[in-house]
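1. Sequence isn't available, so here's the structure alone:
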């Protein structure tokens, strides 16, 4: 015979090599499966923690709605932005509520109030006047004396592909589209702007500091007196005079592992109406604000 038959030792070597390759492949497959199972487990735990934090934040929102209408006046929450903290389902929850009546309404604020707000935010008088005019132009229907295209031309000259709405603001965020409103100025003003108060001027009993300065004719002495009265009455809800019917509420829930959820809602109270929910949600926002 020209060929030679493999001996028993070489056969055993080949078999051992095949077994080693099979074990290596099996180890790789098992390792991949273990990594996949671990990743899916982490994702499931993360989703569960996120859901738990979310519902704890919702509980904070519901607690605020009740607290702002608590029949025991001395236990009633005050809508001036102060924090209220409690624990719910192993989550730490912090809730703040701000009365919308104390903010500047983009749709109903007078030009003087708008200018006062912009000046309080640091704009020069001419800039404040121009921005106030642009906001009034945005929200006002076109009049018979308007020149067609004149306002749109101003926006086009500034590189905008749109003109004023010529109707009420639908959201607070819409004011970012108004000519003259910058991102930095919007971030500064957003907490004191609203479209839900319907008032020409902020309520001095509920206005945040920046909005308080927008009230026409208010003097430094009056500002000091209002702040002193608020500080004096801060711990007595029956004297605070802060609770209107519409509030912006922020609820932040944090778990022990650091997982957190943020809910922001604007809620209008509807007390005393039989057969309907005692509140209406005007705006709902989840997650951290950009």
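-> Now that the structure is in, tell me what you want to look at. The structure presented is a predicted model; accordingly, all values stated were derived computationally and were not measured.
2. Contact partners for residue 190?
-> When contacts are counted by CB atoms under 8 Å, 6 or more residues apart in numbering, residue 190 touches 172-173. For the C-beta atoms, the positions are set from N, CA and C on the backbone; glycine is no exception.
3. Now do it against residue 162, distance only.
-> The gap separating residue 190 from residue 162 is 21 Å, by CB to CB, to the nearest Å.
4. now swap in residue 233 and tell me
-> Applying CB to CB, the value for residue 233 to residue 162 is 46 Å.
5. higher neighbour count, those two?
-> residue 233 (16 against 9; other CB atoms under 10 Å).
6. Tell me the backbone dihedrals of the more buried one, please.
-> With angles defined as degrees, to the nearest 10, residue 233 sits at phi -100, psi 10.
7. With residue 93 instead?
-> Phi and psi for residue 93, reported as degrees, to the nearest 10, are phi -120, psi 130.
8. beta partners of it?
-> Applying DSSP bridges to residue 93 gives these bridge partners: residue 86, residue 253.
9. residue contacts, it?
-> Residue 93 sits next to 56-57, 59-60, 63, 85-87, 251-254 when contact means CB under 8 Å, 6+ apart.
10. One more pass at 10 Å, please.
-> 53, 56-61, 63-64, 84-87, 251-254, 261 (CB atoms under 10 Å, 6 or more residues apart in numbering).
11. Would you mind checking those residues for buried ones?
-> For the contacts of residue 93, a neighbour count by 16 or more other CB atoms under 10 Å gives the buried set as 53, 56-61, 63-64, 84, 251-254, 261.
12. thought residue 264 was touching residue 282?
-> No: contact criterion CB atoms under 10 Å: residue 264 and residue 282 do not qualify, at 11.4 Å.
13. which residues are common contacts for those two?
-> By CB under 10 Å, 6+ apart, residue 264 and residue 282 have these common neighbours: residue 248.
14. all strands in the stretch 1-150 of the chain, in order from the N-terminus.
-> Under the criterion DSSP state E, counting those that start in this stretch, strands of the stretch 1-150 of the chain are mapped to 84-88, 91-99, 104-105.
15. Dump those strands to a markdown table, plus distance to residue 30 and mean pLDDT.
-> Supplementary listing: those in a markdown table, determined by distance: least, CB to CB, whole Å; pLDDT from 0 to 100:
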| stretch | distance to residue 30 | mean pLDDT |
| --- | --- | --- |
| strand 84-88 | 42 | 95 |
| strand 91-99 | 37 | 95 |
| strand 104-105 | 64 | 97 |
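16. Just send these back as TSV, with distance to residue 136 too.
-> Putting the strands of the stretch 1-150 of the chain into TSV (distance: least, CB to CB, whole Å) gives the following:
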stretch	distance to residue 136
strand 84-88	37
strand 91-99	25
strand 104-105	12
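17. rewinding a little: helices - which of the buried ones among the contacts of residue 93 land there?
-> Among these, the members falling in helices (DSSP state H) are 53, 56-61, 63-64.
18. so where's the stretch 51-200 of the chain uncertain?
-> 144-149 (pLDDT under 70).
19. give me phi/psi at the nearest residue to residue 142 once chain neighbours are set aside?
-> Nearest residue to residue 142, sequence neighbours excluded (CB to CB, 6 or more residues apart in numbering): residue 166, at 5.3 Å. Backbone dihedrals for residue 166, given as degrees, to the nearest 10, come out at phi 60, psi 40.
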